[in-house]
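Quick one: sequence and predicted model below, then my questions.
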Protein chains: 2
Amino acid sequence: MSSRLFQFAGGDAGAWRVVRTEVVAGEPLPEVKRLDVISGPKATSESTPAWCLRGMLSNVRYVVRDERTKLAAIQPELGRREASRAAFIPMSKSAAWWDLTQDERRAVFEEQSRHIGLSLRYLPAVARGLYHCRDMSESEPFDFLAWFEFAAAHEPAFNEMLVELRASEEWRYVTREIDIRVVRD
Amino acid sequence: MSSRLFQFAGGDAGAWRVVRTEVVAGEPLPEVKRLDVISGPKATSESTPAWCLRGMLSNVRYVVRDERTKLAAIQPELGRREASRAAFIPMSKSAAWWDLTQDERRAVFEEQSRHIGLSLRYLPAVARGLYHCRDMSESEPFDFLAWFEFAAAHEPAFNEMLVELRASEEWRYVTREIDIRVVRD
């Protein structure tokens, strides 16, 4: 059975070479040369990574059945051979976000921000994994770890998607966001 | 700032004396004499508890604004002097539950099972804490830890609430549930 736990270790080792690090909001992370993406609880190949962030695959929080059907029909799997580029984007949202009720969070997420509707336009070019960390402990540095894989030719479209999402109402609740671009050697 | 992490250690120590343990569904837990409820990451007062379960206070998953307003108006705080009885109910739900979309889980939870509507009738007699464990690691023995405090006079009403909830559509997804009743000495 595949693991729900994923770890992302930044340092001098790992299959992905870091080509750009942008601090979009909040505190930076130490810059690193490589990123090791690890499925499950095993240790990174590097003995002393600069940082190691962890998150869990979990149940969907906002997607409704109709949206899930649309997504399932066109969203690609991670690990495609042609997807040699990726973005690792750890994020946190504010206390105000977490204090909203379910209907309020959903309304900001989709009815106001079109998070799903907008993302659908970039499928199947972009594959995504979302790893939840907020409830793993009280001292997790991020709430989520987002991971996107795409071919080099699709990076401009991916950037356009981020511009749209970052201009949305939902992003007013984002307190920390770091955009780390990597290339698979 | 108060802790989001809570631990429930079963053994021979702690402020709560166990008076009854009922395995409602799934695998039992070793029976214990006392329960130690610990706020935060500090160790239990007992060096070798039979078990120590942990969970996190988190954002509400199904409650909408209107319901939250009603709940907030009448739900009591934990720790009331007269609430000398408590129930500690660790639970898990099936893979089928976790694979439902948000709208489907909400529909089972409230529109079909009246989880909130039914619970409201037992307020302010019963105070509740809900601690989430499913996303803390891949090997948590339960998905949630529910904790209820009430006066001795209200235990029959509390039992009636459980009978109603356990007969609901939502409980068809419950795969493990242990009902441990305790008294504060």
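Thanks, I have the structure now.

Could you point out the longest helix of chain A?
For chain A, the helix with the greatest residue count under DSSP state H is helix A:155-166.

Only the buried residues of that helix, if you could.
Buried residues in helix A:155-166, counted by 16 or more other Cβ atoms under 10 Å in any protein chain shown: A:155, A:158, A:161-162, A:164-165. C-beta coordinates here come from the backbone N, C-alpha and C atoms, glycine included.

Apart from its neighbours in sequence, what residue is nearest the residue positioned nearest the centre of chain A?
Geometric centre of chain A, nearest residue: A:A146, 0.7 Å, by Cα atoms, centre = their mean. Distances taken as Cβ to Cβ, 6 or more residues apart in numbering or on different chains place A:I89 nearest to A:A146, at 4.4 Å, with adjacent residues excluded.

Can you show me the helices along chain A?
Counting by DSSP H, the helices of chain A are A:65-74, A:95-98, A:102-106, A:115-120, A:155-166.

Distance to B:Y62 and mean pLDDT added to these, as JSON lines?
JSON lines is the format used below for these (distance: least, Cβ to Cβ, whole Å; pLDDT from 0 to 100):
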{"stretch": "helix A:65-74", "distance to B:Y62": "16", "mean pLDDT": "96"}
{"stretch": "helix A:95-98", "distance to B:Y62": "15", "mean pLDDT": "98"}
{"stretch": "helix A:102-106", "distance to B:Y62": "6", "mean pLDDT": "97"}
{"stretch": "helix A:115-120", "distance to B:Y62": "19", "mean pLDDT": "96"}
{"stretch": "helix A:155-166", "distance to B:Y62": "26", "mean pLDDT": "98"}
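
got CSV for those, with distance to A:G55 too?
Putting the helices of chain A into CSV (distance: least, Cβ to Cβ, whole Å) gives the following:
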stretch, distance to A:G55
helix A:65-74, 20
helix A:95-98, 16
helix A:102-106, 19
helix A:115-120, 18
helix A:155-166, 19
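
how about JSON lines for those, with distance to chain B added?
Shown next, in JSON lines, are the helices of chain A (distance: least, Cβ to the nearest Cβ, whole Å):
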{"stretch": "helix A:65-74", "distance to chain B": "5"}
{"stretch": "helix A:95-98", "distance to chain B": "5"}
{"stretch": "helix A:102-106", "distance to chain B": "4"}
{"stretch": "helix A:115-120", "distance to chain B": "11"}
{"stretch": "helix A:155-166", "distance to chain B": "19"}
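
for stretch A:10-17, what is the average pLDDT?
Mean pLDDT, stretch A:10-17: 96.

Between the two ends of it, what distance do you get?
By Cα to Cα, to the nearest Å, the extent of stretch A:10-17 from end to end equals 10 Å.

Which positions within it qualify as buried?
Neighbour-count burial for stretch A:10-17 [16+ other Cβ under 10 Å]: A:10-11, A:13-14, A:16.

just stretch A:43-61 next, same as before
For stretch A:43-61, by 16+ other Cβ under 10 Å, it's A:44, A:46, A:49, A:52-57, A:59-60.

Quick one: neighbours of A:S2, just the number.
By the criterion of other Cβ atoms under 10 Å in any protein chain shown, A:S2 has 6 neighbours.

again with A:W147
22.

So it sits against A:S39, correct?
No - counting by Cβ atoms under 8 Å, A:S39 is not a contact partner of A:W147; they are 11.4 Å apart.

Quick one: residues contacting A:I74.
A:120, A:123-124 (Cβ atoms under 8 Å, 6 or more residues apart in numbering or on different chains).

I'd like these laid out as JSON lines, including neighbour count.
Putting those into JSON lines (neighbours: other Cβ atoms under 10 Å in any protein chain shown) gives the following:
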{"residue": "A:L120", "neighbour count": "15"}
{"residue": "A:L123", "neighbour count": "15"}
{"residue": "A:P124", "neighbour count": "13"}
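
Do a quick rundown of the strands in chain A.
A:5-11, A:16-25, A:34-39, A:51-56, A:85-93, A:127-132, A:144-150, A:174-184 (DSSP state E).

Packing partners of the fourth one?
Contact partners of strand A:51-56 among helices and strands, from 3 or more Cβ pairs under 8 Å, 6 or more residues apart in numbering or on different chains; DSSP states H and E: strand A:5-11, strand A:127-132, strand A:144-150.

Run through who's touching that strand.
A:4-11, A:29-30, A:32, A:44, A:90, A:131-133, A:136, A:141-142, A:144-145, B:135, B:137-138.

at 6 Å instead, please
The contact list for strand A:51-56 (Cβ atoms under 6 Å, 6 or more residues apart in numbering or on different chains) reads A:4-10, A:29, A:90, A:131-133, A:145, B:135.
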